[in-house]
Every structure is written in structure tokens, then in C-alpha cells.
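Undergrad: Sequence and predicted structure are below.
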Amino acid sequence: MLEKSGGFSPAERREALATMFRGHGYEWSLLCPACPDTRALILPAPWSLAPLAMADRFAELAVWETDPKRAELLNDFYRSLTLPVKMISAPLDQLVDHPDRYDVLVFEDSFAQLRGCGPKEVETWAAKLLAPGGQCCIVTASRFGRNVWRGNLKSFARELRRVFKQGYAVPSLNGLRRRMRRASLTRHRTYYFYPDHRKPREILSWNGTLPRHMRGGIYKLLDRLGFTEQVHDSFMMVAGEKEPASGLVDELLSHIEEELGLADRPAIHECRVQRTGVMLLFLDLGDRGEAVLRVPLHRRAELRMVANGDALETLHAGAPQIHSLAPQRLSSGSVGGMPYYLENKLTGTPAYDIIAGSRDERWILDEAFQFLKTFSHEQARYALADEEIRPKYYQRPLDIMREHFAELSEELDELGAFLDSSTKGQRIPSVWLHGDFNTKNVLVHPEERKITGVIDWDLLSETGLPLQDLLHFILSMHRRRRQIGIGEVVVRALEGGLLHPHEQSVVDRYCAQFDLQPELVKPMLLVYWARHVAPKSIKGGRVPGDEWSQQHVIEPLRKIRWLIKR
């Protein structure tokens, strides 16, 4: 479609492809309930997913675009997807004379795409175009402030030049609020979409039931491809002549207050969005202490959240010896069609943060070993390795890599044969595994030098191979210190000399505790590598020459082939 669209340079086509499906654009749709009898207008036409998310929510959806080329291209795009979108291609100065009125008006990334547009123009247009009782959504990336937050001085300097060149000041949030108050749109609410990673001043929220972007076939496809996992970095202001409806987070907090019998509604003092797409809201429950509220942002995040809850139930039932070191469920269920999970907040600092500035990390590793010994040893079940060990533990990772890296079939065959021969006849225990026992998921008390908790249990397994958690923890320490990937750190460990004397002594103590022969360390290390990179290579291996696949799969496997032959 892009190739057939006239008037676009190759650079413009690349920009369109890079931005059209970047996962942004539906943020504001999370805040607007579906209104099938109303009309909506988006201005300007976005290189984003907003029209896909909103096309079935209104009786009419119009998109205003000032650039004729963009309007032609996007009109073809919407029609190819059979979206009922009405394109309006006209200059901005015709807005004041536009006869139609809309129940929802959206300025999509207004201060970046509407060149020369300032807050006063937005205020005037909103008051003119909105029907009585309508709402106006102002979405802006706030690049000026975002670059300051991120400390990117070069981007900040470029933004300053752009601002002065265009002759208008990037509006502050308070400035927008004041202007909207002076207009007829006196009600407003502001939402930050993850602006500074850890402490947004206000919390993401949305109205009604499960957001539409999680439902349709198009979004299921985009979610499967990973496009909807992008982290939002904009803010939106919703204003109108009526009070915006309560958002989902408001409803969740009220529900938790009632269910737990709290004296006051929980207060949110921190918010994070995990890479998995789970939003974490850190709550103050008053006399009940602190808690973590998990809310999924897409389907895969929901599955991850449910797996974490199920794992905690299994853990507390089957491993009571670590009861105090794992979160406990306080509440779970669904509010407004959105699932949630509430657990108590464990105290402590991630070992990841301590390692960054510590000269003596031995106590952290000793504590990790003691935890694994307590967690896994009592449940260990010993048996001789037989022909069942491959299909049970490492056949699937090898098959995944063989499917996506056909050129590595010979290397994978040799790796499988090595694992078979080096484990056959060995007495290997089946142990409980955390599954992601790295320095970010282990909480410690620096002064008392002890582990205070372990989090993120969604990969829990009751039948795992030994050494997997310990190797993951030790190698994550090296990756933190050396800033290297999993492929390189595994190869260095195989070559020898990577582990410090104390780390090697902990591995030896683990082997003695679980009655493992020292020669099993190498095959356990290779199984660890295969099980961690195979799921990620499903996505990365589809693109020939993909940088991630080259760094973590292709090059390491070829070195591994040579190392196991030595």
C-alpha cells in the first residue's frame, strides 16, 4: 500500500512503517467508554493505532488531517482494514468554521504534530467543536519535560531548538489546566502514562470494562507480535462540561477498601510497569501495612499475573519453610472486567541495587545459597537419569532453536548428544525451582546482611533440575557487573575463570548438599542457557541476522560446540 502511494519518499515510507504499528495511540481510548450513539473526532490523523482502537466505539469516527498526502495514505489504510472512519482533509484554519459537533474530541499528540499549535488554540477549538456534555482528550508526549526526566541533554537541546524555531513554548501541564478552566470546559482529570519509570505523579486509569484494544482480532494479532507491550511515555488531560467517570484504579481501590475492611481507601505511593506488561501499584493499607496491586495491561500480562498467584498458592502449601520470605495473597478477582491480584509487600532492597556499589558481595551469595538449600533440599527427589531426562527437561528448548535456526541443526544435535551422554546414569535430584532467581527478584537487608524476601514466582516449578537457580543468580551478578548478555556469560563460564573463588566454593557446596558429581555442572550450565534463550529466540529468530539472536544464540552455540569437544 505504501509503495503505491504517490508523493512519499523512501524515508517517509520508512517513518510510516516504523511508527504506524509502534503500539502507541490507544492510551486515551482506555479512558473513554464506548458510546455507540455518539460521534468522535481525532485531530490530527495519527501514525498510531488510535483509529483501530476506536472505530467500533462510536456511531461516527472522524479523523482530521492537514497534510493531503498523509490523508490519502491513511484513508487507503483504514479502508483496507474495513474501518468505518471518515477522513477530513483540510487546513487547521477551517476548524473554527467546521459545522459539526462531537461528543468526544481528541487532540492526538497535539503539540508535536500540529505545528504552530499552542494551548490557546486547543482551548478555542475544544470549546467550539464539542457538543454539550462532551469530553476533550488532550494527548501529548510532552517531549520537553520527558527529556529532562530522562537526563538526555542532547535530546533536550534539540527540543529547545525546535521550540524556539517554531515560535511557541511547549505548554506546561499547569498551564494547560489554567487555560481549560478559563474555557467552558471546567472539568478535567490528568493521567500520566509512565513518564519517569518509577514514580509518576498520577496513575494510569481507564473507564469501564476490559479495554477494547485487548479484544478484537487485530489487537490479538498485534499483542501476539509484541506491538502492544510498548511503554507509554505521554500524559493526557481529559476535560469537558461533565465530570469524567471514575477510572478502573479508583474502582479497584474502593473495592479493596471494602473487601479488606480498611478504615480508609488505600493510598498509592508508587507505580511501576514491568516489561511483562503488569502494572504494579504500591499501596499503603494503613494498619494492614503495605501491599502490591498487580493489574495486567494485556492478555499475556494477565496470564503472567495469574501464574504468579497460582505459584504462590502452591508455594505456601508445599514449602512452608520459606513462608515468611514469599508474598501472600490478600485479595484477587476482577473489577469492571479487569482482573487484579493484591499481595503483601515484602521489605528489603533488590540485591541488584546492592551489587552495583558493593565491594563485598559474598554475604549476598551465601544468603542466596542458604535460601536455595532451605527451599529445595527438603523437596528433592532422587532418581537415576534415563532416557526420560531429555524430553522432560531440555528437548523442547532444543526443538525451538532448531525450528528458528535451521543452519544450527548440526550444532544442536551435538549439544543434545553431549547432554545425553554427560547425564546418563547420574543420580540427579528433581527439585523445586523459583525459575527466575536473579538479583532483581531477591530482596536483602544491607545492614543485617540477610535475605528478606523473594518475589516474582510465576515460573515456579516443582520438578526442576538442580543448580538452575544458583547458576542464574551467580551469572546475573556477573551480567550486572560486566554489562554482558546471557550468551557471553555462559560461554565465559564454560571456558573457566569466570567464577571467583568464593563463587566456585558455593557451587561446590551446593553439589555436596545435593549429592551431585562435579562433572554435572557443565551440562546443567548448558541446560540453563538453552532454557533461557529458547523462548526469546521464538521472537528474535524470525529475522535473519537479528542482533539479539546473533549475540545470544548463534555465536554462543558455535563456541559451545567447540568447548564441549575439548
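TA: Structure's in. What do you need?

Undergrad: Would you verify that Ile484 is located in a strand?
TA: No - counting by DSSP: H, G, I helix; E, B strand; the rest coil, Ile484 falls outside a strand, being coil.

Undergrad: Which residue is the nearest non-sequential neighbour of it?
TA: His478 (7.4 Å; Cβ to Cβ, 6 or more residues apart in numbering). Every residue, glycine included, has its C-beta placed from N, CA and C.

Undergrad: Now for the one you found: which residues touch it?
TA: Residues in contact with His478, defined by Cβ atoms under 8 Å, 6 or more residues apart in numbering, are 484, 489, 492, 498.

Undergrad: Among those, name the buried ones.
TA: For the contacts of His478, a neighbour count by 16 or more other Cβ atoms under 10 Å gives the buried set as 489, 492, 498.

Undergrad: how far away is the last one from Leu471?
TA: If I follow you right, that is Leu498. Leu498 sits 11 Å away from Leu471, taking Cβ to Cβ, to the nearest Å as the criterion.

Undergrad: overlap in contacts of these two?
TA: Among the neighbours of Leu498, none is also in contact with Leu471 (Cβ under 8 Å, 6+ apart).

Undergrad: where along the stretch 201-350 of the chain do the strands fall?
TA: With DSSP state E, counting those that start in this stretch, the ranges of strands along the stretch 201-350 of the chain come out as 235-240, 267-273, 278-284, 290-296, 329-335, 338-344, 349-350.

Undergrad: What strands flank the shortest one, and is each parallel or antiparallel?
TA: Its sheet considered, strand 349-350 pairs with strand 442-445 (antiparallel) by DSSP bridges.

Undergrad: for the strand it pairs with, the distance to its chain's centre please.
TA: Here strand 442-445 shows a centroid-to-chain-centroid distance of 23 Å under the convention Cα atoms, centre = their mean, to the nearest Å.

Undergrad: Stretch 413-432 now?
TA: 35 Å.

Undergrad: and the end-to-end length of it?
TA: Stretch 413-432 has an end-to-end distance of 28 Å (criterion: Cα to Cα, to the nearest Å).

Undergrad: now the residue nearest to Ile484: how far from Glu503?
TA: Between His478 and Glu503 the computed distance is 9 Å (Cβ to Cβ).

Undergrad: helix, strand or coil for the residue nearest to Ile484?
TA: Per three-state DSSP, the local secondary structure of His478 is helix.

Undergrad: what's the answer for Glu448, then?
TA: For Glu448, the assignment made with three-state DSSP gives coil.

Undergrad: Could you check how many residues crowd around it?
TA: 9 (other Cβ atoms under 10 Å).

Undergrad: what pLDDT does it get?
TA: At Glu448, the pLDDT value in this model is 92.

Undergrad: shaky segments in the stretch 301-450 of the chain?
TA: Applying pLDDT under 70 to the stretch 301-450 of the chain flags the ranges 356-359.

Undergrad: so Glu414 is in which element?
TA: Assigned by DSSP states H and E, Glu414 falls within helix 409-423.

Undergrad: Tell me which residues of that helix come out buried.
TA: By 16+ other Cβ under 10 Å, the buried positions in helix 409-423 come out as 411-412, 415-416, 418-419, 422-423.

Undergrad: C-terminal to it, what's the next element?
TA: strand 427-433.

Undergrad: other SSEs contacting that next one?
TA: helix 362-376, strand 381-384, strand 461-464 (3 or more Cβ pairs under 8 Å, 6 or more residues apart in numbering; DSSP states H and E).

Undergrad: Please compute how far it lies from its chain's middle.
TA: The answer for strand 427-433 is 31 Å, by Cα atoms, centre = their mean.

Undergrad: got the angle for that strand vs helix 362-376?
TA: 100 degrees (axes from the mean of the first three to the mean of the last three Cα atoms, to 10 degrees).

Undergrad: What pairs with strand 427-433, parallel or antiparallel?
TA: By DSSP bridges, strand 427-433 pairs with strand 381-384 (antiparallel), strand 461-464 (antiparallel).

Undergrad: Quick one: the helices and strands packed on strand 427-433 as a markdown table, columns for mean neighbour count and distance to Val527 too.
TA: Converted to a markdown table, those look like this (neighbours: other Cβ atoms under 10 Å; distance: least, Cβ to Cβ, whole Å):
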| stretch | mean neighbour count | distance to Val527 |
| --- | --- | --- |
| helix 362-376 | 19 | 16 |
| strand 381-384 | 11 | 16 |
| strand 461-464 | 16 | 10 |
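
Undergrad: what would these look like in JSON lines with distance to Leu74?
TA: Listed next are the helices and strands packed on strand 427-433 as JSON lines, based on distance: least, Cβ to Cβ, whole Å:
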{"stretch": "helix 362-376", "distance to Leu74": "54"}
{"stretch": "strand 381-384", "distance to Leu74": "60"}
{"stretch": "strand 461-464", "distance to Leu74": "48"}
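
Undergrad: Go through those and name the closest to Thr66.
TA: strand 461-464 (55.8 Å; Cβ to Cβ).

Undergrad: Give me the contacts around the closest one.
TA: Here strand 461-464 has contacts from 314, 318, 379, 392, 430-433, 435, using Cβ under 8 Å, 6+ apart.

Undergrad: Repeat the analysis, applying 6 Å as the threshold.
TA: 430-433, 435 (Cβ atoms under 6 Å, 6 or more residues apart in numbering).

Undergrad: Same question for stretch 346-356.
TA: So stretch 346-356 is contacted by 361, 364, 439-440, 442-446, 452-453, 477, 480 (Cβ under 6 Å, 6+ apart).

Undergrad: Go through the residues you listed and name the one nearest Arg189.
TA: Nearest to Arg189 among those, with distances taken as Cβ to Cβ, is Lys440, at 33.4 Å.

Undergrad: Against Leu303, how distant is Gly309?
TA: 11 Å.

Undergrad: Have a look at those two and say which one is more surrounded.
TA: Using other Cβ under 10 Å as the criterion, Gly309 and Leu303 rank with Gly309 on top: 19 against 14.

Undergrad: Quick check: chain neighbours aside, which residue is closest to the more buried one?
TA: Once flanking residues are discounted, Gly309 sits nearest to Tyr341: 4.9 Å by Cβ to Cβ, 6+ apart.

Undergrad: If that neighbour is in a bridge, with which residues?
TA: Legend: beta-bridge partners of Tyr341 under DSSP bridges are Arg294, Ser332.

Undergrad: Run a quick neighbour tally on it.
TA: 22.

Undergrad: next one: Phe514
TA: 21.

Undergrad: Then Leu285?
TA: By the criterion of other Cβ under 10 Å, Leu285 has 21 neighbours.

Undergrad: Spit out the contact partners of it.
TA: Applying Cβ under 6 Å, 6+ apart, we find Leu285 in contact with 266, 291.

Undergrad: distance of it from Val249?
TA: Distance, Leu285 to Val249, using Cβ to Cβ: 15 Å.

Undergrad: Please apply the same query to Glu290.
TA: On the measure of Cβ to Cβ, Glu290 and Val249 end up 17 Å apart.

Undergrad: Scan the protein for its longest strand.
TA: Counting by DSSP state E, the longest strand found in the chain is strand 130-140.

Undergrad: hmm, back to that, verify the stated contact: the residue nearest to Gly309 with Arg294.
TA: Yes - taking contacts as Cβ atoms under 6 Å, Tyr341 lies within contact range of Arg294: 4.4 Å.
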